[in-house]
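> Model the structure of this input:
(one chain, ligands or ions: 1)
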Amino acid sequence: MALAKEKVIEEARKLLEAEGIKKSISIVVIGHVDAGKSTLMGRLLYDLGRLDEKTKRANEKGSENIGKSSFSWAWGLDGTTEERERGITMDIAQQALMTPNRLITVLDAPGHKDFIPNMISGASQADCALLVVDSSTGEFEAGFQRAGQTREHLLLVRSLGVTQVVVAINKLDQVEWSQARYKEIEDLLKPFLVQTGFHPSKTTFVPVGAMQGVNLAGRDMEEAEELNVWYKGPTLVDILDKLTPPVRDILGPMRLPVSNVFKGQRTGAAVSGRISGGVMQVGEKLAVLPGEETAIVKSIEIEQDSVPWAASGTNVTLYLTAIDPIHLNVGSVLCPPNNPVPIAASFIAKLIVFDIQIPITAGTAVEVFHHSKDLPATTVKLISTIDRGSGKVIKKNPRVLTKGTSAEVQIDLRNAQVGGGILSSRGIPLETFAANKDMGRVLIRRGGETIAAGVVTEILG
Ligand SMILES: Nc1nc2c(ncn2[C@@H]2O[C@H](COP(=O)(O)OP(=O)(O)OP(=O)(O)O)[C@@H](O)[C@H]2O)c(=O)[nH]1
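I've put the predicted structure just below:
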């Protein structure tokens with residue numbers, strides 16, 4: 001028997017307010033190629049008891065066999081997730097970390113070449129970014145200069161509404177744990193972070209050595225001796241444990257943007273994603289947008305546990321009945337049939353333009369990337385350029401948008417059938433950023449390259 005909605009909301013509220021309960025938060029790991037992202041996460045999983053000895057040893061052996069023993073920690077993330085065992089291909093690897101006060105979902109993008117699109121789907125679900133930088137001589141500079149990914153990733157997560165960032169300054173063992181080098185990198189990054197729109201109070205720096213596990217969960221070890229001479233601050237885990245959790249809008253309408261679809265033979269249709277508003281419960285009927293289909297929630301899983309209901313901010317797997325799995329797609333949105341997400345084909349977005357060579361003009365053919373889906377669109381009208389700091393209009397009706405500009409732009413989806421015809425020409429489920437943060441973030445791409453990112457300010461139709 002399903003509980004009355006009010007009852008579920010009441011229970012959710014009680015649970016959220018309860019003392020001692022772990023607050024959930026999602027982080028996306030970003031940084032230049034080879035900065036040590038996977039090593040850091042693999043080692044952290046191990047230190048926090050999420051990677052067992054057997055897997056660790058198998059990874060060491062496996063990576064040694066192919067002559068890449070220095071990558072053994074990264075294998076903890078890249079090879080053996082539960083999802084892989086179930087034979088599911090994922091856009092982004094998800095891992096859960098447990099710190100004393102936080103349940104942290106880590107969104108890590110596997111693969112190198114097509115990294116940016118994967119990172120984007122991670123970033124569009126994240127509350128916080130963990131930026132890993134390589135402190136070795138020349139390497140930080142390489143990652144930070146124009147073509148390096150450090151700047152681009154930071155700009156991207158910020159323009160998608162992520163406001164908190166933790167910067168792990170890694171590989172300090174390569175520079176003899178030099179405090180001066182640590183300070184130098186911090187001093188170079190700080191002004192850039194402010195300029196990108198991160199408030200200094202939401203920015204934390206931490207020195208680490210991911211490979212040796214120095215200052216991740218602790219630094220009570222021989223390898224940390226040199227660091228301990230000058231660093232008395234928190235460990236990475238201490239910092240993660242104090243991240244500000246997202247405000248959960250449990251009273252708002254329920255929205256579940258689908259980030260993965262599983263079509264198991266035994267289990268039937270299942271979807272996963274992070275609830276971005278409201279509450280849902282077993283037995284509830286949900287609309288699957290875009291389209292006319294509905295489904296019934298057969299069961300809800302959080303972290304492999306079956307639960308009767310789930311609230312906004314939680315990553316869930318839903319098993320569904322009364323629907324043909326053919327109607328479930330990555331990018332679909334599940335919501336109550338009586339309070340659906342608007343379907344939009346034309347909207348205004350506030351964008352930040354990336355480091356592009358060819359400027360954006362009115363009429364540029366682009367792709368809108370929203371919740372793991374790419375859709376053909378046109379920048380119909382360049383409304384104004386905006387000062388990033390004050391938010392004031394600098395120029396109305398600009399002729400072109402060049403790199404680094406902030407602007408309001410009208411975007412129309414083009415008449416095209418996409419992704420097996422499921423997302424039709426009539427539009428996509430979209431809301432303004434003010435109504436729902438997760439539903440109101442978009443990326444603009446051109447020829448596979450991300451050229452701008454931002455938030456939806458108005459739905460035109
Ligand atoms: N000396 C040293 N090497 C490290 C440290 N952390 C990572 N590495 C090495 O740096 C290399 C790259 O590490 P990865 O974890 O694969 O880096 P990544 O950022 O995930 O790389 P991509 O997935 O290619 O973007 C590996 O050879 C690691 O062993 C560290 O603290 N010290």
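> tell me the helices in this structure, going along the chain?
5-17, 37-47, 53-65, 72-78, 82-85, 115-123, 139-144, 149-159, 179-196, 225-230, 236-240 (DSSP state H).
> Going by neighbour count, list what's buried in the first one.
Yep, that's helix 5-17 we're talking about. Neighbour counts over helix 5-17 (16 or more other Cβ atoms under 10 Å) mark Lys5, Val8, Ile9, Glu11, Ala12, Leu16 as buried. The C-beta positions use only the backbone N, C-alpha and C, and glycine is treated the same way.
> And for the last one?
Within helix 236-240, the residues that qualify as buried by neighbour count (16+ other Cβ under 10 Å) are Leu236, Val237, Asp238, Ile239, Leu240.
> thinking again about what came up before, save the buried residues of helix 5-17 as TSV, and put in distance to the ligand and pLDDT too.
Putting these into TSV (distance: Cβ to the nearest ligand atom, whole Å; pLDDT from 0 to 100) gives the following:
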residue	distance to the ligand	pLDDT
Lys5	43	76
Val8	40	80
Ile9	41	81
Glu11	40	81
Ala12	36	79
Leu16	34	71
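> Quick check: the farthest pair among those residues?
Lys5 and Leu16 (16.2 Å; Cβ to Cβ).
> mean pLDDT lowest for which of the helices of the chain?
Comparing mean pLDDT across these, the weakest is helix 82-85, with a mean of 34.
> So the nearest residue to Thr105 once chain neighbours are set aside versus Phe140, what's the distance?
Nearest residue to Thr105, sequence neighbours excluded (Cβ to Cβ, 6 or more residues apart in numbering): Ser26, at 4.4 Å. Separation of Ser26 from Phe140 (Cβ to Cβ, to the nearest Å) stands at 27 Å.
> same thing with Ser272?
For Ser272, the distance to Phe140 - Cβ to Cβ - is 36 Å.
> Between the two, which is the more surrounded one?
Phe140 (25 against 20; other Cβ atoms under 10 Å).
> Wait, that one touches Val132, no?
No: the criterion here is Cβ atoms under 8 Å, and Phe140 misses it with Val132 at 11.0 Å.
> Distance check, the closest residue to Glu186 other than its chain neighbours against the ligand.
Leaving aside its sequence neighbours, Glu186 sits nearest to Phe205 (Cβ to Cβ, 6+ apart; 5.0 Å). Remark: distance between Phe205 and the ligand (Cβ to the nearest ligand atom, to the nearest Å) = 16 Å.
> ok, now Asp47?
Taken as Cβ to the nearest ligand atom, the span from Asp47 to the ligand is 13 Å.
> Next: Thr137.
12 Å.
> Same check on Gly363?
36 Å.
> list the contacts for that residue?
Thr378, Thr379, Val380 (Cβ atoms under 8 Å, 6 or more residues apart in numbering).
> which of those residues tops the neighbour count?
Counting neighbours by other Cβ under 10 Å, the one among those with the most is Thr379, which has 25 neighbours.
> what residues are up against it?
Taking Cβ under 8 Å, 6+ apart as the test, what Thr379 contacts is Ile360, Thr361, Ala362, Gly363, Thr364, Val366, Val409, Gln410, Ile411, Ile444.
> what about the nearest residue to it once chain neighbours are set aside, how many neighbours?
Leaving aside its sequence neighbours, Thr379 sits nearest to Thr364 (Cβ to Cβ, 6+ apart; 4.7 Å). Thr364 has 20 neighbours, counted by other Cβ under 10 Å.
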